[in-house]
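**Student:** sequence and computational prediction follow.
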Amino acid sequence: MKKIEGGVTAAKGFLATGVYAGIKKNKKKDMAMVFSTAPCEAAGTFTTNVVKAAPVKWDSKVVMESEFVQAVVINSGVANACTGEEGYGYCLETANAASECLGIPADAVLLASTGVIGKQLPMDTIKAGIPLLKATLSGSLDAGTLAAEAIMTTDTVSKQVAYEFEVGGKTAVIGGMCKGSGMIHPNMATMLCFVTTDVAISKELLTKALKADVNDTFNMISVDGDTSTNDSVLLMANGLAGNAEITEENADYEEFCKALNAVMTGLSKKIAGDGEGATALFEVKVLNADTKENARILSKSVVTSSLTKAAIFGHDANWGRILCALGYSGVRFDPEKVDLYFESAAGKLKIVENGTSTGYSEEEATKILSESEVTAIADMKMGYESATAWGCDLTYDYVKINADYRS
């Protein structure tokens, strides 16, 4: 397996594009499309927020009931959340418009929206944008980038990852794009992710792989603790790599799962590192916990701690906040056995041993914490399980961005 350039157009048969259709006032790209030249098996995971956006409801039905999918239409600027029956009706109108334009069934069209909650979609603009998208569809890497840019809201950079790997004696590719910067605290048993692959795999195993992987990737990131109404991860597989279809959990399935994890981990870290107002990616590794679930809970508790996030922004080795966050996570452990470390490109420093300070150098700690990617490591000395969570520092700009988001 090797990392390659690209995103949703890296795999065979996938085309994409992004355009300005007229939804956003700032005239930035606001509609995107991903299209497969062949029908796809599809899997999805969606927000567990009780308040679900209309496209989440639409996609859940399509993924569960449709024979195949072939396209995704995405808009940014309006979330189509809290829009009632009218908003869901607009999903059907959008799918019908895409169906007519692309020559595929309406129930083969997935939809996604991101932006302000409570506004209805400007349907005249959406319908006029679909032919614009079709006219510029391409399998080029640049076209994938256009799509990744068109789904951005408060994101400062577009986010794409792709990998090439071997399966069944064939070279296969998996790639993806995502958006997300604020309202990021996914819990998927306004973050969007689209992953495409040319692997031939059954719907059952595609779904199983995605649902298992999301627990260790997107469900382990947090920017601000808010679970969006629109969180969705959509995975499409068109089988054009030419491998024998994966229908059982064999070596080929394991290779696919590894490649999927590489893409999902890469995209997760890109979202966490681009948190609204962030200056640093904050990674938390919990080692030697008694269970995998407890390792997840402990690492997520630290990465979501506002006091710890503020300390990371200030390059302050305030380790008491980390131990405190571990302590209120709900997991039982012996605090007098815990070791804590800070690590970055500037080095690694043990700051706590068996629950007390090591007498570390504050100057060295500040140097380590001044990098753009910072890791806190907690060795629980309870067992053999580990987990990693990703977040970002908490800065003044986070408040500024969200205080005037609508205006």
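**Tutor:** It's in. The shown structure was predicted, so the numbers you read here are calculated from the model rather than taken from an experiment.

**Student:** what residues sit buried inside the longest helix seen in the chain?
**Tutor:** Taking DSSP state H as the assignment, the helix of the chain that covers the most residues is helix 251-273. Using 16 or more other CB atoms under 10 Å as the burial criterion, the residues of helix 251-273 that qualify are 252-253, 255-257, 259-273. Where C-beta positions appear, they are placed from N, C-alpha and C, glycine not excepted.

**Student:** same question, stretch 240-252
**Tutor:** Neighbour-count burial for stretch 240-252, counted by 16+ other CB under 10 Å, picks out 240-241, 243, 246, 252.

**Student:** over to stretch 345-364?
**Tutor:** In terms of neighbour count (16+ other CB under 10 Å), stretch 345-364 has its buried residues at 346, 349, 351-353, 360.

**Student:** dump the residues you listed to CSV, plus distance to Leu192.
**Tutor:** Compiled in CSV, the buried residues of stretch 345-364 are given as follows (distance: CB to CB, whole Å):
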residue, distance to Leu192
Ala346, 34
Leu349, 37
Ile351, 37
Val352, 38
Glu353, 42
Tyr360, 41
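
**Student:** need those residues in CSV with pLDDT, can you?
**Tutor:** Listed next are those as CSV, based on pLDDT from 0 to 100:
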residue, pLDDT
Ala346, 98
Leu349, 98
Ile351, 98
Val352, 98
Glu353, 98
Tyr360, 97
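
**Student:** mind picking the two most distant members of these?
**Tutor:** With distance counted by CB to CB, no two of these lie farther apart than Ala346 and Glu353, which are 20.7 Å apart.

**Student:** and the buried residues of stretch 345-364, which is closest to Tyr328?
**Tutor:** Nearest member of the buried residues of stretch 345-364 to Tyr328, counting by CB to CB, is Val352, at 17.1 Å.

**Student:** and the helices in the stretch 151-300 of the chain?
**Tutor:** Secondary structure of the stretch 151-300 of the chain (DSSP state H, counting those that start in this stretch): helices at 203-214, 251-273, 292-303.

**Student:** the strands in the stretch 301-407 of the chain, which residues?
**Tutor:** Taking DSSP state E, counting those that start in this stretch, the strands of the stretch 301-407 of the chain run over residues 339-344, 347-353, 356-357, 373-379, 385-392.

**Student:** and Ile130, which of those strands is closest to it?
**Tutor:** With CB to CB as the yardstick, what comes closest out of those is strand 385-392 (34.9 Å).

**Student:** so what's the residue of the chain most remote from its centre scoring on pLDDT?
**Tutor:** In the chain, the residue that sits farthest from the middle, by CA atoms, centre = their mean, is Gly359; the gap is 38.4 Å. The predicted local confidence for Gly359 comes out at a pLDDT of 97.

**Student:** possible to save the helices of the stretch 151-300 of the chain as JSON lines with mean pLDDT and distance to Gly13?
**Tutor:** Formatted as JSON lines, these follow (pLDDT from 0 to 100; distance: least, CB to CB, whole Å):
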{"stretch": "helix 203-214", "mean pLDDT": "96", "distance to Gly13": "16"}
{"stretch": "helix 251-273", "mean pLDDT": "95", "distance to Gly13": "17"}
{"stretch": "helix 292-303", "mean pLDDT": "96", "distance to Gly13": "36"}
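
**Student:** of all those, which one is nearest Leu141?
**Tutor:** helix 251-273 (15.3 Å).

**Student:** that closest one packs against which elements?
**Tutor:** Packed against helix 251-273 by the contact rule (3 or more CB pairs under 8 Å, 6 or more residues apart in numbering; DSSP states H and E) you find strand 159-167, strand 170-179, strand 192-197, helix 203-214, strand 281-289, strand 385-392.

**Student:** much appreciated, bye for now.
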